[in-house]
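Enquirer: Kindly return the folded structure for what I paste below:
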Amino acid sequence: MRKSFWVPLSIAFGSMVFLYLLGFLADINFLIFKVSSTYLEIAFLPICVGLILGVVSEQIIKHRTKSNI
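Expert: Residues are numbered from 1 along each chain as shown. You can find the predicted model right below:
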């Protein structure tokens, strides 16, 4: 597939994983993914940040490829 698909996708997932891992290691409540037998608690901040970074990186790639043509 094209670079304009894989780079933003990997940036989005990588930033989500990094923020969840940081929340887990530093015990930051708004970055933690908690699983219990009775409930599931997901922090939405890493998801939002990952989506924003994915969109921004896609726009940067499109702008650079457009200016090189």
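Enquirer: How much space separates the most centrally placed residue in the chain from Lys66?
Expert: Geometric centre of the chain, nearest residue: Gly50, 2.3 Å, by CA atoms, centre = their mean. Distance of Gly50 to Lys66, computed by CB to CB, to the nearest Å: 25 Å. For every residue, glycine as well, the C-beta is placed using N, CA and C.
Enquirer: show me where this protein has helices.
Expert: Along the chain, the segments classed as helices by DSSP state H run 3-26, 45-68.
Enquirer: contact partners of the last one?
Expert: Where contact means CB atoms under 8 Å, 6 or more residues apart in numbering, the residues beyond helix 45-68 that reach it are 3-4, 7-9, 11-16, 19-20, 23, 30-31.
Enquirer: try the first one
Expert: Contacts with helix 3-26, where a contact means CB under 8 Å, 6+ apart, come from 28-33, 43, 45-47, 49-51, 53-55, 57-58, 61-62, 65.
Enquirer: Okay, buried residues for that helix please.
Expert: Pro8, Ile11, Ala12, Ser15, Met16, Leu19, Tyr20, Gly23 (16 or more other CB atoms under 10 Å).
Enquirer: Give me the average confidence score over that helix.
Expert: Helix 3-26 carries an average pLDDT of 90.
Enquirer: Now do that helix against helix 45-68, angle only.
Expert: Inter-element angle recorded for helix 3-26 and helix 45-68: 150 degrees (by axes from the mean of the first three to the mean of the last three CA atoms, to 10 degrees).
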